[in-house]
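> next input, structure requested:
(one chain, ligands or ions: 1)
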Amino acid sequence: MPAKGLSGNGYDGHTMWDAEIFVLPVLTYLRPEIAAGPLRWRHATLDQARERARTLRLAGAAFPWRTIGGRECSGYWPAGTAALHVNADIAAAVLRYAAATGDIAFLRDAGLELLVETARLWSRVGHYDDSGAFHLDGVTGPDEYTALVNDDVFTNLMARRNLRGAVATARRFPDRARELGVVEAELTAWREAAEAMHLPYDARRGIHQQCAGFTRLREWDFAATDPGEYPLLLHYPYLELYRHQVVKQADVVLAMQHCGDDFTIEEKARNFAYYERRTVRDSSLSASSQAVLAAELGHLELAYAFLAESALHDLHNLSDQTRDGLHVAALAGVWSALVMGFGGFRDERGEPVFAPRLPPALTRLRFSIFWQGHRIQLTIGPDEATYLLREDSTGLGDAAAEEPRHATAQARVELRHHGKPVVLLPGQPLTLPLPEPPDAGPEPPSPPGRAPRRRRAGRPVTPVPGQPDGGDQAATADTAGPATADTAEG
Ligand code: IFM
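This next block holds a predicted model:
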């Protein structure tokens, strides 16, 4: 799954982490029967990833930053090879796919080997300091305007999940783990490293540092930056960017999306406000994550603006690159913004949780996801949400699972609605009220000139070439009714 799909020559057809973090979640929940394919492809390239790890004097496997056939094709190592988080992204995709589908055959066979080899890399990269904290130094996180850092929060949290997932899965399939050469001491080392993983925190500001020392870097002078100088990477040397607190794309915010349970809601709010002021969105991968967190924190109109930016990235040629191919991660991010953002869907605890809430511009949102072979449909209105376990549920699973599933008629799915446990039975819709939204407080500002354009219902969010009344800036009155989004039907 290249970053441009098969839609253009951009990135030379290379596959990047976009596949596992942005595209695979969509396929896992909408088309589980094809989601294993890209993971099996990664598995098929393991020998090259092992070879790469040896070249880098590491252990296990080092998956490439960009590749076609498994070999590293990046020529720029600070924002390429050093982005070791791709290993943990692949591991997360394995764990997500296995939890969502129950495809045990995949997990025991290809999945465990991917988890083990990626975990071995973290064990070798990391080290303990005198106080017993485990550090991952000299890496580059998702934000490519900061490189070769120590303890990138996203990388550390995702590596921790990788290590824990490898331990749990190896214990579940001990024979297969033995075949892969896993010994008890190795499992202990992974568990201990995961528990001791350091997360840099700025106690004075009350926020997580994107990486160690991030908040003591010089602030970027946004006032002195000409609007024509974005994206910054085309106008400033990387070395200049690396010295500043300027964020190309969601990093701590992405960590809060994918490892949400590792943060309190107060930490999320403070982190979001801090990084929003410094995030310029010079990458199309950013807006959807910002939408998801803005929605979780109750900044629903801001979330809607980020969603629109992600959705319209290519239709409005926002980065003037659409001729090179579609921004597939941004398009996949639209699903995340809707389903994880306004649907509040998360899967971190091994059960589906939802916290639906719509922005004022939407009167209804309907989507469905596959979970363990069942199809859960959720219809969200302004005041209530209706869950339905569709009787046509089949999806993937029966053939792949170790034990046959219950017949659909006996099926039930346990989930959470705004924290409340709920049981769904086939064909029996369950309508639940939406709790009063918490006071989200003031909306955090974006850097000057970098706020997403506001969408008014019925109006385009950005000027459309050839249409004089192009966008919201020109709109004086909102005459059209609010929009309805029926989307993401599985
Ligand atoms: O993989 C991304 C990267 O994180 C930011 N620049 C674009 C790449 C391809 O989408």
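> contacts, neighbours, all on C-alpha from now
Fine.
> number of nearby residues for the nearest residue to residue 328 once chain neighbours are set aside?
The spatial neighbour of residue 328 that comes closest, neighbours along the chain excluded (Cα to Cα, 6 or more residues apart in numbering), is residue 4 at 5.6 Å. Per other Cα atoms under 10 Å, the neighbour tally for residue 4 reads 23.
> any weak-confidence spans in the chain?
392-410, 457-490 (pLDDT under 70).
> longest strand of it?
Secondary structure of the chain per DSSP state E: the longest strand is strand 362-371.
> so what strands line up beside it?
According to DSSP bridges, strand 362-371 has the following sheet partners: strand 374-380 (antiparallel), strand 483-486 (parallel).
> check contacts around the closest residue to residue 129 other than its chain neighbours.
When the adjacent residues along the chain are set aside, residue 129 lies closest to residue 135, with 7.5 Å between them (Cα to Cα, 6+ apart). Each residue near residue 135 by Cα atoms under 8 Å, 6 or more residues apart in numbering is listed here: 126, 127, 128, 129, 150, 151, 156, 197, 198.
> any idea how far the fifth one is from residue 139?
In this case it means residue 150. Residue 150 sits 6 Å away from residue 139, going by Cα to Cα, to the nearest Å.
> ok, the residue of the stretch 351-490 of the chain found nearest the ligand to residue 243 distance?
The minimum distance from the stretch 351-490 of the chain to the ligand, using Cα to the nearest ligand atom, falls at residue 450 (17.4 Å). From residue 450 across to residue 243, the span is 20 Å (Cα to Cα).
> quick one, strands of the protein?
Using DSSP E, strands in the chain cover 127-128, 134-135, 201-202, 207-208, 218-219, 244-245, 353-354, 362-371, 374-380, 384-389, 413-417, 420-424, 430-433, 483-486.
> and the closest residue to residue 154 other than its chain neighbours, how far from residue 334?
Nearest residue to residue 154 in three dimensions, chain neighbours excluded: residue 255, at 4.8 Å (Cα to Cα, 6+ apart). Taking Cα to Cα as the measure, residue 255 falls 18 Å from residue 334.
> looking at those two, which is more packed in?
More neighbours surround residue 334 than the other of residue 255 and residue 334, with 28 against 22 (other Cα under 10 Å).
> burial count for residue 62?
Each residue near residue 62 was counted by other Cα under 10 Å, and the total is 29.
> was I right about it contacting residue 87?
Yes: taking Cα atoms under 8 Å as the definition, residue 62 is a contact partner of residue 87 at 6.6 Å.
> so what sits against both of these two?
Each of residue 118 lies in contact with both residue 62 and residue 87 under the rule Cα under 8 Å, 6+ apart.
> with distance to the ligand added, can I get the strands of the chain in JSON lines?
Shown next, in JSON lines, are the strands of the chain (distance: least, Cα to the nearest ligand atom, whole Å):
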{"stretch": "strand 127-128", "distance to the ligand": "26"}
{"stretch": "strand 134-135", "distance to the ligand": "23"}
{"stretch": "strand 201-202", "distance to the ligand": "24"}
{"stretch": "strand 207-208", "distance to the ligand": "21"}
{"stretch": "strand 218-219", "distance to the ligand": "22"}
{"stretch": "strand 244-245", "distance to the ligand": "17"}
{"stretch": "strand 353-354", "distance to the ligand": "28"}
{"stretch": "strand 362-371", "distance to the ligand": "25"}
{"stretch": "strand 374-380", "distance to the ligand": "30"}
{"stretch": "strand 384-389", "distance to the ligand": "34"}
{"stretch": "strand 413-417", "distance to the ligand": "32"}
{"stretch": "strand 420-424", "distance to the ligand": "36"}
{"stretch": "strand 430-433", "distance to the ligand": "38"}
{"stretch": "strand 483-486", "distance to the ligand": "26"}
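> including distance to residue 168, could those go into JSON lines?
Output for the strands of the chain, formatted as JSON lines (distance: least, Cα to Cα, whole Å):
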{"stretch": "strand 127-128", "distance to residue 168": "22"}
{"stretch": "strand 134-135", "distance to residue 168": "20"}
{"stretch": "strand 201-202", "distance to residue 168": "28"}
{"stretch": "strand 207-208", "distance to residue 168": "28"}
{"stretch": "strand 218-219", "distance to residue 168": "42"}
{"stretch": "strand 244-245", "distance to residue 168": "37"}
{"stretch": "strand 353-354", "distance to residue 168": "22"}
{"stretch": "strand 362-371", "distance to residue 168": "21"}
{"stretch": "strand 374-380", "distance to residue 168": "25"}
{"stretch": "strand 384-389", "distance to residue 168": "30"}
{"stretch": "strand 413-417", "distance to residue 168": "22"}
{"stretch": "strand 420-424", "distance to residue 168": "25"}
{"stretch": "strand 430-433", "distance to residue 168": "34"}
{"stretch": "strand 483-486", "distance to residue 168": "38"}
